[in-house]
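**Student:** What follows is a predicted protein model with its sequence.
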Amino acid sequence: MTAVHRRVNSANQGRIKRGERGGIDDEEERDRFLVEENEWGGRSRGAATLLGGGDELGLRVWPGPYVPMRDVDNASARNRLSHLKAPRAYISAPASGPDAYPSPALDAAAAAADVAAAIASSDAVTWAGVWALLSPHRARIAVSLAALLACTTCTLSMPLFSGRFFETLIGRGSEPLWRLLSKIAVLYTLEPIFTIVFVINMTVIWEKVMARLRSQIFRRILIQKMVFFDRHKVGELTGLLTSDLGTLKSVITGTLCILFTLSTELAPVLGLLMVSVSVLVALFKRSTVPTFKSYGIVQARISDTASETFSAIRTVRSFGGEKRQISMFDNLALAFQNSGTKLGVLKSANESLTRVVVYVSLMALYVLGGSKVNAGKLSVGTMASFIGYTFTLTFAVQGAVNTLGDLRGTFASVERINSILSAEDVDDSLAYGLAKELEDSNGAVHENGTANKHYMSALKSSSSCSNLAWSGDIHLEGVHFSYPLRSDVEILNGLDLTIECGKITALVGPSGAGKSTVVQLLARYYEPTHGRITVAGEDIRVFDKREWSRVVSLVNQDPVLFSVSVGENIAYGLPDDVVSKDEIIKAAKAANAHEFIVSLPQGYDTLVGERGSLLSGGQRQRIAIARALLKNSPILILDEATSALDTTSERLVQEALNHLMKGRTSLVIAHRLSTVQNAHQIAVCSDGKIAELGTHAELVASGGRYASLVGTQRLAFE
Ligand SMILES: Nc1ncnc2c1ncn2[C@@H]1O[C@H](COP(=O)(O)OP(=O)(O)OP(=O)(O)O)[C@@H](O)[C@H]1O
């Protein structure tokens with residue numbers, strides 16, 4: 001084996017292993033696949049690119065550092081290769097240029113910590129967590145505080161100098177006017193400089209903290225159970241990452257602004273005013289938290305409605321639904337306006353009351369101070385300083401009121417984030433798998449890792465999952481299931497089915513019988529409420545969901561593509577591996593997609609638009625098949641994969657599917673019975689059970705439901 005062969009093989013380690021371990025019949029095809037790759041590796045510098053060595057060629061390569069080829073076979077190189085695991089797979093050919101695609105680096109340590117924290121803690125945002133995020137920025141905080149102190153000193157000295165200025169003007173000052181004015185000028189210059197240092201440092205710290213918080217929440221959302229996504233709309237969830245967190249940011253910055261105006265001199269007076277303000281705020285708080293909460297909810301609904309309308313724009317157009325969407329949006333905009341107005345009124349009432357407190361203080365100062373100046377007991381300068389300080393105090397109090405007002409908004413936001421992202425909805429089996437992988441790639445010792453505390457003892461190793469899936473039958477044994485949001489309606493009631501290894505099983509039946517539900521259980525989007533699903537006799541719940549997802553490929557009627565290039569969409573079949581362009585081309589060729597792809601304006605680098613909207617249904621379907629081919633998983637589920645296609649596309653897609661199904665345990669769901677008549681066995685699903693099972697000929701001969709379905713479709717069989 002040449003060095004290049006070794007490199008290519010190592011890079012494809014994961015996929016090859018799956019093939020080697022498993023009992024796939026199609027050994028020959030896999031060998032061909034590898035030989036072709038090796039040939040390619042020997043011909044070009046592609047292998048260097050494959051392993052992240054593109055830096056050598058002046059390319060920007062995903063992901064991670066360059067690994068010298070000769071190192072790949074030894075253990076230390078394998079460790080280094082683990083860094084290559086990042087959520088990016090597709091490498092453009094050298095011709096695409098160094099910046100063809102951005103490189104998303106993954107901070108595995110932070111991600112592992114976040115996932116582990118999500119498993120362990122019930123609240124998504126805790127003040128202790130925010131504090132922990134702040135602590136690495138201690139040096140910057142110290143600089144900020146020093147700047148704050150300097151700035152406060154300048155601010156608090158200003159009224160004193162104003163007083164002296166008036167004294168000098170009326171001829172009672174001891175200092176020459178020019179000297180006084182130059183001191184004031186220095187003060188006025190330094191104050192904004194210190195302010196800039198303070199604000200810039202605080203902004204940098206907070207942007208960093210907010211970015212981490214956002215990542216934490218995104219990760220937490222991603223590991224929720226499927227029911228969570230049934231329950232919450234997209235806008236609501238994206239709102240958590242934008243507006244709700246935005247509120248959190250403003251309060252923390254605001255709190256620091258209070259410090260900005262604190263001083264020992266003014267502490268008693270400020271303290272007194274703060275007590276009055278706190279009392280006012282406390283009185284308001286009870287009534288305003290719900291208002292803030294409903295404000296957040298309406299805001300989320302608005303973004304929800306907008307994103308839903310735009311993503312379903314074709315449906316809106318075809319039904320002439322513009323008026324309806326506009327009125328829905330207008331109603332929400334009105335509700336948002338009302339809620340905003342209510343909030344504004346409450347805020348201003350709160351602020352006005354505080355001002356009243358300040359103005360009363362000022363009036364007292366004018367009356368008492370004025371009479372003392374008249375009586376000659378107080379100098380004009382001191383009186384001017386007092387007035388200056390009172391205004392300083394006014395700013396301070398207003399800042400405090402705004403901050404406390406924001407605090408109420410923040411309480412509501414944190415409450416909202418935490419109530420939506422409750423710990424019960426975390427999918428432990430998925431979170432465990434993810435935490436384990438992240439800790440592994442971070443080099444964490446597993447026995448002490450956080451992931452270890454959960455599921456570790458119960459779950460099987462990844463190699464056994466792949467081995468069993470390649471070699472064993474799948475059994476659905478007495479499966480009962482109700483969707484969590486409709487727990488009173490039983491969709492499957494005691495369904496038994498054996499899906500034979502390496503063969504094609506078709507699942508047919510009337511609409512609503514539960515066929516797609518079986519798919520969702522096999523994909524483990526949901527778990528059966530009773531009964532179990534086994535592979536080679538092993539309950540599939542003993543595998544973590546990340547591992548299970550690698551052994552199951554799903555191609556459905558309307559495959560969703562990401563709004564990136566065609567090549568990147570195919571490479572998503574192996575999202576954690578480094579995939580060469582040649583592998584992608586080969587998968588595309590096998591999926592009958594290569595020809596149409598190269599005829600696109602930028603070939604494999606053509607962007608597919610949102611959800612793949614710039615491609616036809618048949619083209620999307622073939623890209624999805626190429627993606628599944630690249631994934632090379634032992635279990636394949638086709639849910640109405642050809643039902644949306646015209647005859648030409650269907651032929652092309654069907655050919656691609658036949659290629660894909662070869663040697664895999666396949667479950668095919670189809671309404672059009674002509675597409676499943678050659679399946680090894682056909683199961684008729686009815687009322688959440690398997691009513692009939694056999695080959696096409698057997699079922700037609702038995703004259704049961706299948707035969708009548710065939711009759712209904714008036715197909716000319718045999
Ligand atoms: N996420 C969900 N939450 C609640 N109920 C659901 C959900 N998905 C499907 N259902 C319900 O489950 C039942 C079975 O649906 P399923 O999609 O499995 O049927 P099907 O046999 O695949 O139908 P079709 O052939 O029309 O696709 C239906 O009554 C449907 O309303």
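**Tutor:** Happy to help now that I have it.
**Student:** CA only for contacts and neighbour counts going forward, please
**Tutor:** Noted.
**Student:** ok, how many other residues are close to the closest residue to residue 528 other than its chain neighbours?
**Tutor:** With sequence-adjacent residues excluded and distances taken as CA to CA, 6 or more residues apart in numbering, residue 528 is closest to residue 481, at 5.1 Å. By other CA atoms under 10 Å, 25 other residues sit near residue 481.
**Student:** Could you tell me which residues make contact with residue 481?
**Tutor:** Applying CA atoms under 8 Å, 6 or more residues apart in numbering, one finds that residue 481 lies in contact with 490, 491, 492, 493, 527, 528, 529, 530.
**Student:** can you list the domain ranges for the protein.
**Tutor:** The domain map for the chain lists 109-421, 462-715, with the assignment taken from the TED database.
**Student:** For the ligand, which of those is the nearest?
**Tutor:** Among the domains of the chain, the nearest to the ligand by CA to the nearest ligand atom is domain 462-715 (3.2 Å).
**Student:** what about that closest one, near the ligand?
**Tutor:** Yes: Domain 462-715 comes into contact with the ligand (CA under 6 Å from any ligand atom), by way of 483, 485, 486, 491, 511, 512, 513, 514, 515, 516, 517.
**Student:** rewinding a little: okay, and which of the contacts of residue 481 map to strands?
**Tutor:** The strands, defined by DSSP state E, take in 492, 493, 530 from the contacts of residue 481.
**Student:** Residue 160 touches residue 383, doesn't it?
**Tutor:** No: using CA atoms under 8 Å, residue 160 is not in contact with residue 383, being 9.9 Å away.
**Student:** on that earlier part again, keep only those of the residues of domain 462-715 next to the ligand that are in helices.
**Tutor:** Residues of those located in helices (DSSP state H): 515, 516, 517.
**Student:** quick one: which of these is most hemmed in?
**Tutor:** residue 515 (25 neighbours).
**Student:** Contacts only, for that residue.
**Tutor:** Per CA under 8 Å, 6+ apart, neighbours of residue 515: 507, 508, 509, 669, 685.
**Student:** Those residues: which two are farthest apart?
**Tutor:** Taking CA to CA, the two most distant members of the contacts of residue 515 are 669 and 685; they sit 10.4 Å apart.
**Student:** Quick check: neighbours shared by the two?
**Tutor:** Residues within reach of residue 669 and of residue 685 at once, by CA under 8 Å, 6+ apart, are 507, 508, 515.
**Student:** got JSON lines for those residues, with distance to residue 662 too?
**Tutor:** Output for these, formatted as JSON lines (distance: CA to CA, whole Å):
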{"residue": "507", "distance to residue 662": "18"}
{"residue": "508", "distance to residue 662": "21"}
{"residue": "515", "distance to residue 662": "22"}
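**Student:** And those, which is closest to residue 295?
**Tutor:** Checking the shared contacts of residue 669 and residue 685 against residue 295 by CA to CA gives residue 515 as the nearest, at 41.2 Å.
**Student:** Just want the phi and psi numbers for the residue nearest to residue 528.
**Tutor:** Torsion angles at residue 481 (phi, psi; degrees, to the nearest 10) stand at phi -160, psi 140.
**Student:** Mind pulling up the pLDDT for the closest residue to the ligand within the stretch 301-450 of the chain?
**Tutor:** The minimum distance from the stretch 301-450 of the chain to the ligand, using CA to the nearest ligand atom, falls at residue 425 (15.4 Å). Here, the pLDDT recorded for residue 425 equals 73.
**Student:** can I assume it is in contact with residue 225?
**Tutor:** Yes: using CA under 8 Å, residue 425 is in contact with residue 225, at 5.5 Å.
**Student:** Residue 175: neighbour count?
**Tutor:** Residues near residue 175, counting by other CA under 10 Å: 13.
**Student:** what's whatever helix or strand residue 201 lives in packed up against?
**Tutor:** Using DSSP states H and E, residue 201 sits within helix 177-222. Under the contact criterion of 3 or more CA pairs under 8 Å, 6 or more residues apart in numbering; DSSP states H and E, helix 177-222 touches helix 108-120, helix 127-134, helix 138-169, helix 234-241, helix 243-261.
**Student:** Apply 7 Å and report the result again.
**Tutor:** helix 108-120, helix 138-169 (3 or more CA pairs under 7 Å, 6 or more residues apart in numbering; DSSP states H and E).
**Student:** Show residues contacting the helix or strand following that helix.
**Tutor:** Downstream of helix 177-222, the first helix or strand assigned by DSSP H and E is helix 226-231. With contacts defined as CA atoms under 7 Å, 6 or more residues apart in numbering, helix 226-231 is touched by 425, 484, 525, 526.
**Student:** Could you list the low-pLDDT ranges of the stretch 301-450 of the chain?
**Tutor:** Residues of the stretch 301-450 of the chain meeting the criterion pLDDT under 70: 311-321, 350-351, 353-355, 357-362, 364-365, 369, 386-387, 389-413, 422-424, 439-450.
**Student:** meant to ask about the stretch 551-700 of the chain
**Tutor:** Ranges of the stretch 551-700 of the chain meeting pLDDT under 70: 643-646, 649.
**Student:** at 80 instead, please
**Tutor:** 557-558, 560, 563-564, 575-578, 609-613, 641-656, 659-660, 671-672, 674-675 (pLDDT under 80).
**Student:** Just give me the closest of the shared contacts of residue 669 and residue 685 to residue 634.
**Tutor:** Nearest to residue 634 among the shared contacts of residue 669 and residue 685, counting by CA to CA, is residue 507 at 18.4 Å.
**Student:** how near is that closest one to residue 535?
**Tutor:** 18 Å (CA to CA, to the nearest Å).
**Student:** Which one's more surrounded, those two?
**Tutor:** residue 507 (27 against 21).
**Student:** Within its sheet, name the partner strands of the helix or strand harbouring that one and how each one runs.
**Tutor:** Per DSSP H and E, residue 507 falls inside strand 504-508. Partners of strand 504-508 in the sheet, by DSSP bridges, are strand 665-669 (parallel), strand 681-686 (parallel).
**Student:** How about residues contacting the next helix or strand after the longest one?
**Tutor:** Next helix or strand after strand 681-686 toward the C-terminus (DSSP H and E): strand 689-694. Strand 689-694 has contacts (CA under 7 Å, 6+ apart) with 492, 493, 494, 495, 496, 681, 682, 683, 684, 685.
**Student:** For the helix or strand harbouring the fourth one, the averaged confidence score.
**Tutor:** Of the helices and strands defined by DSSP H and E, residue 495 is found in strand 492-499. Taken as a whole, strand 492-499 has a mean pLDDT of 91.
**Student:** and it, which strands flank it?
**Tutor:** Partners of strand 492-499 in its sheet, by DSSP bridges: strand 474-481 (antiparallel).
**Student:** Let's see the strand it pairs with as CSV, backbone CA atoms only.
**Tutor:** Extracted in CSV, the C-alpha atoms of strand 474-481 (Å, rounded to 0.1, in the frame of the first residue of the first chain):
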residue,chain,number,x,y,z
ILE,A,474,-34.9,-5.2,12.6
HIS,A,475,-37.9,-6.2,14.6
LEU,A,476,-40.7,-4.0,15.7
GLU,A,477,-42.2,-5.9,18.6
GLY,A,478,-45.7,-5.0,20.0
VAL,A,479,-45.0,-1.3,19.3
HIS,A,480,-47.6,1.1,20.7
PHE,A,481,-47.2,4.8,20.1
